[in-house]
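Chemist: Show me how the following folds:
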Amino acid sequence: MLSRPFSYLFSISYYGARFKGWAKQKGQPTIEGKLERVFRFVLGHEDFRLIGSSRTDSGVSCRQGFVQLFLREKTDLETLLPVLNLNLSGEIVLNSVREVPRELNLIQAVSHKTYRYFFAEEHSFPAFASAFVTQVHQFSPLDQMGEKALIFAGKHDFQAFCKISPNKTDFVREVLEAKVYQTKEFEGPFFPESVYCFEVTGTGFLYNQVRKMVAAIWHFSSDEIKERLAVPEKEYKQVPTAPAHGLVLWETVLRDF
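Modeler: Numbering: from 1, shown residues only. Model prediction:
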């Protein structure tokens, strides 16, 4: 990247259902892969580098994230923004762009992220709602889910609430806020009468952590959640992973730079 002295920061949104996550995979549709193809076509060359502020999982959508572009030559990307979005076909939208110092480390610049997970009961669940809302057979009453969400707040070892990868050794993450409420984000004939939201804000998250936290507030007792946080190294039965399509990276906040 030292050979590419010009750096640009894009705000990005995308609908994740048709993609196998952010990171490039051979033969699979991904956010990073489509961005690279479109930038290559619009810029007319491949002498660039892209970095995303988050690596969302397969099927997860993003309302507000960031992507950093490194180029060898100064380029008027604001003028190119409509052309980029036209070729991204609406599933991915680059909302804005600005030049930033090349020294900006986008990953380290992230202060915190907020995820929202939308779900509803199975009764009278319109088919179109499944694009953004998960249909759940049965879950705890709203007040109980709210109480269980509060247990996650603070700094904990979350290895009992994530998918373990072989090279992962640090499972401590800080949850700044976690709550559950009935939301009005989705209303009308295409959605259930009552849609609920689990909202969590943290400085960083492990693989599948948010979706396993969601499943825990649906089906686990408060005592079970507390035990797994207090004794994370114990061998527990795996927490189910809530479906991806209900999850949205709602907001990404960067530190001042």
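
Chemist: Which parts of the stretch 101-250 of the chain are helices?
Modeler: 106-109, 142-151, 209-219, 222-230 (DSSP state H, counting those that start in this stretch).

Chemist: Indicate which one of the ones you listed is closest to Ala244.
Modeler: helix 209-219 (7.0 Å; CB to CB). The C-beta positions use only the backbone N, C-alpha and C, and glycine is treated the same way.

Chemist: quick revisit: CSV for the helices of the stretch 101-250 of the chain, including distance to Glu122, mean pLDDT and mean neighbour count?
Modeler: Formatted as CSV, the helices of the stretch 101-250 of the chain follow (distance: least, CB to CB, whole Å; pLDDT from 0 to 100; neighbours: other CB atoms under 10 Å):
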stretch, distance to Glu122, mean pLDDT, mean neighbour count
helix 106-109, 39, 94, 14
helix 142-151, 16, 97, 17
helix 209-219, 12, 97, 24
helix 222-230, 23, 97, 15
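
Chemist: what would the ones you listed look like in TSV with distance to Val253?
Modeler: Putting those into TSV (distance: least, CB to CB, whole Å) gives the following:
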stretch	distance to Val253
helix 106-109	10
helix 142-151	20
helix 209-219	16
helix 222-230	25
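
Chemist: in the stretch 101-250 of the chain, what spans have low per-residue confidence?
Modeler: Under the criterion pLDDT under 70, no range of the stretch 101-250 of the chain is flagged.

Chemist: re the thing from before, nearest to Val133, of the helices of the stretch 101-250 of the chain?
Modeler: Set against Val133 and scored by CB to CB, these come closest in helix 209-219, at 12.5 Å.

Chemist: The closest one packs against which elements?
Modeler: Under the contact criterion of 3 or more CB pairs under 8 Å, 6 or more residues apart in numbering; DSSP states H and E, helix 209-219 touches strand 110-121, helix 142-151, strand 172-183, strand 195-202, helix 222-230, strand 247-254.

Chemist: quick one, what contacts the nearest residue to Glu147 once chain neighbours are set aside?
Modeler: Closest residue to Glu147 apart from its sequence neighbours, by CB to CB, 6 or more residues apart in numbering: Ser222 at 6.3 Å. By CB atoms under 8 Å, 6 or more residues apart in numbering, the residues touching Ser222 are 144, 147-148, 151.

Chemist: Need the max-distance pair from those residues.
Modeler: Checking these with CB to CB, the most distant pair is Gln144 and Ile151, at 11.4 Å.

Chemist: Could you confirm Leu9 falls within a strand?
Modeler: Yes. Note on Leu9: a strand contains this position according to DSSP: H, G, I helix; E, B strand; the rest coil.

Chemist: can you tell me which residues contact it?
Modeler: 66-69, 97-100, 104, 106.

Chemist: For Gly188, state which of those is nearest.
Modeler: Nearest member of the contacts of Leu9 to Gly188, counting by CB to CB, is Phe66, at 30.6 Å.

Chemist: what helix or strand is the closest one on?
Modeler: strand 61-71 (DSSP states H and E).

Chemist: can you give me how far stretch 36-56 is from the chain middle?
Modeler: Chain-centre distance of stretch 36-56: 19 Å, with CA atoms, centre = their mean, to the nearest Å.

Chemist: thinking again about what came up before, what would the contacts of Ser222 look like in CSV with distance to Asp76?
Modeler: Shown next, in CSV, are those (distance: CB to CB, whole Å):
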residue, distance to Asp76
Gln144, 54
Glu147, 53
Lys148, 50
Ile151, 50
